[in-house]
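A.B. asks: Pasting the sequence and the predicted coordinates here, then a few questions.
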Amino acid sequence: MFKFCPGCASEKIDFQNGKAFRCPDCGFVYYHNIAAATGCIIGVPDVGGERLMFLVRGKEPAIGKLDLPGGFVDIGEGAIEGLHRELREEIGWVPPIPPGLSLAGVYTLFASFSNVYPYKGISYNTCDLYFYVKAPGLSEKDLVLERSEVSAVRFLKPHDIDYDEIAFDSTRNAVRAYLSGF
């Protein structure tokens, strides 16, 4: 990541223990922390159970694979605010917020997994936080997909989910955790 120390321009900067860049000349330390990301299982009640909403990725990594709506948390956002923004951007839908409830009262955090997100030759280590929201009556006609990122949406019953078609390990783990009653 660094060829030269940002503090003194020394070429002796070293990446130590997979955690931090350290410069022995000036003492500069940069901790290479993980990025926070969110995903959301949107459950649509259906006769005999529930359908889960998956997005079909419209870009790399894992173009054409299934994913959950969500994404990276921006600077200055909490996980729930980041998820809410990502839902609005990716699918043009957010759950209604009943009077007297906040965003935190609408989304249920149920799992978190580490992940590696490969993008344009760089592997980003992430901490993925998975939430659930129930969306009675939600259908594809209620969505406005961000076509640069999402090519389609699929509503699947649990027995129709092909885990090999899910884009990321952490997402597969989250779907399994949800379906096992987390």
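C.D. replies: Received it, and whenever you're ready, just let me know what you need.

A.B. asks: G48: neighbour count?
C.D. replies: Other residues within reach of G48, judged by other C-beta atoms under 10 Å, total 5. Using the backbone N, CA and C atoms, a C-beta is placed for each residue, glycine as well.

A.B. asks: G137 versus that one, what's the distance?
C.D. replies: With distances taken as C-beta to C-beta, to the nearest Å, G48 is found 16 Å from G137.

A.B. asks: next one: F168
C.D. replies: For F168 relative to G137 (C-beta to C-beta), the value is 29 Å.

A.B. asks: When the two are compared, which one has more neighbours?
C.D. replies: Neighbour count, other C-beta under 10 Å: between F168 and G137, F168 has more, with 24 against 7.

A.B. asks: My guess is the more buried one contacts D67. True?
C.D. replies: Yes - with contact defined as C-beta atoms under 8 Å, F168 reaches D67; the gap is 7.2 Å.

A.B. asks: what residues are up against the residue sitting furthest away from the middle of the chain?
C.D. replies: The centre of the chain is farthest from one residue, D25, which by C-alpha atoms, centre = their mean lies 38.5 Å away. Contact partners of D25, counting by C-beta atoms under 8 Å, 6 or more residues apart in numbering, are C5, C8, S10, K12.

A.B. asks: Farthest-apart pair in these, please.
C.D. replies: Farthest apart among these by C-beta to C-beta are C8 and K12. That separation is 9.4 Å.

A.B. asks: okay, and the common contacts of the two?
C.D. replies: Common contacts of C8 and K12 (C-beta under 8 Å, 6+ apart): C23, D25.

A.B. asks: Look up the closest residue to N173, ignoring the ones flanking it.
C.D. replies: Closest residue to N173 apart from its sequence neighbours, by C-beta to C-beta, 6 or more residues apart in numbering: F113 at 4.9 Å.

A.B. asks: Double-check that that neighbour belongs to a strand.
C.D. replies: Yes - under DSSP: H, G, I helix; E, B strand; the rest coil, F113 falls within a strand.

A.B. asks: Could you report the distance from it to A174?
C.D. replies: 7 Å.

A.B. asks: Between those two, point out the one with more neighbours.
C.D. replies: The neighbour count for F113 versus A174, taken as other C-beta under 10 Å, is higher for A174 (28 against 18).

A.B. asks: Look at the nearest residue to that one once chain neighbours are set aside and give its secondary structure.
C.D. replies: Excluding the flanking residues, the one nearest A174 by C-beta to C-beta, 6+ apart is Y130, at 4.0 Å. Here Y130 is recorded as strand under three-state DSSP.

A.B. asks: Could you find the closest non-adjacent residue to A177?
C.D. replies: A111 (4.4 Å).
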